[in-house]
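Chemist: Sharing a model that was predicted from the sequence below.
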Amino acid sequence: MKNLITKFCYIFLFFHSSEQIIAQRLSYGISAGVHVSNINIQPLDLAYDPFIFNSKPQNGYHIGVYRRIGLGLIYFEPQCWFTYLNQPLNISNRLNVDSTFQVPIDLSHLDFPIEFGLKIGPLSALYAPVFSMPIFDISQPSNWSNQFGVGLKLFRFQFNLRYQSPFDIIFSDISLDNLETNYRAQASQIIISIFMKI
């Protein structure tokens, strides 16, 4: 009976210690950031390109939450962001530049970065595959893209600079002065964000 109680105590202490260790490795918090997006447009019919596209880099933002699992020098961090991006395009006829119209493109998404990071002191390097779902413009496709970046941790805060690789976008059918053609459009982003541990 005494041996049984002793074994039970050892088992209880083992699981209690394990829970404490796991709790110390788990953290969560909120994030916010600013985005600068840019659109690259390529004609699918290279022999026939009747339009000129004028698009300047546009600002956007995100707010979100995260959950981090720390494993020493490396960590795993699933995140969820609401990302607001609005990218207008000015389109002109090459033969008549005065004939111009604007196509607004709503690129607001729910983003799910799945971040993997390597920590060296307060610095970190990160990689995150990202699944993005359109929110307001359901004609936009869902996408997978990638984020690469670096981070700096100061107390409860972490500051990240990251690049998000191009993802496909769809804009309205282009028809101007009875001219039509097909294009492939992709958007990429530079993102500056701050994470706060709660």
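Modeler: Alright, I've got the coordinates.

Chemist: use CA for all of it now, contacts and neighbours both
Modeler: Noted.

Chemist: got the residue ranges for the strands in this structure?
Modeler: For the chain, the strands defined by DSSP state E occupy 26-43, 51-54, 58-71, 74-84, 89-93, 96-103, 109-120, 123-134, 143-154, 157-169, 175-176, 179-180, 183-197.

Chemist: how about those in CSV, adding mean pLDDT and mean neighbour count?
Modeler: Below are those laid out as CSV (pLDDT from 0 to 100; neighbours: other Cα atoms under 10 Å):
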stretch, mean pLDDT, mean neighbour count
strand 26-43, 90, 17
strand 51-54, 77, 16
strand 58-71, 93, 18
strand 74-84, 95, 19
strand 89-93, 78, 18
strand 96-103, 72, 12
strand 109-120, 95, 19
strand 123-134, 96, 19
strand 143-154, 96, 17
strand 157-169, 94, 19
strand 175-176, 56, 14
strand 179-180, 58, 12
strand 183-197, 91, 18
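
Chemist: Quickly note the distance from the closest residue to residue 198 other than its chain neighbours to residue 158.
Modeler: Of all residues not flanking residue 198 in the chain, residue 29 sits nearest, at 4.8 Å (Cα to Cα, 6 or more residues apart in numbering). Separation of residue 29 from residue 158 (Cα to Cα, to the nearest Å) stands at 11 Å.

Chemist: same check, this time on residue 127
Modeler: If you go by Cα to Cα, the gap between residue 127 and residue 158 works out to 15 Å.

Chemist: Residues in contact with both of residue 29 and residue 158, list them for me.
Modeler: Residues touching both residue 29 and residue 158 (Cα atoms under 8 Å, 6 or more residues apart in numbering) are 195-196.

Chemist: Any idea what residue 83 is bridged to?
Modeler: For residue 83, the beta-bridge partners are residue 62, residue 109 (DSSP bridges).

Chemist: my guess is it contacts residue 106, does it?
Modeler: No: using Cα atoms under 8 Å, residue 83 is not in contact with residue 106; the gap is 10.7 Å.

Chemist: show me what contacts residue 92?
Modeler: Here residue 92 is in contact with 51-53, 98-101, 176 (Cα under 8 Å, 6+ apart).

Chemist: same thing with residue 62?
Modeler: Each residue near residue 62 by Cα under 8 Å, 6+ apart is listed here: 31-35, 81-84.

Chemist: Residue 140 now?
Modeler: By Cα under 8 Å, 6+ apart, residue 140 lies in contact with 107, 134, 169-171.

Chemist: Can you tell me which of these is nearest residue 145?
Modeler: residue 169 (12.1 Å; Cα to Cα).

Chemist: Isn't that closest one up against residue 138?
Modeler: No: using Cα under 8 Å, residue 169 is not in contact with residue 138, being 11.2 Å away.
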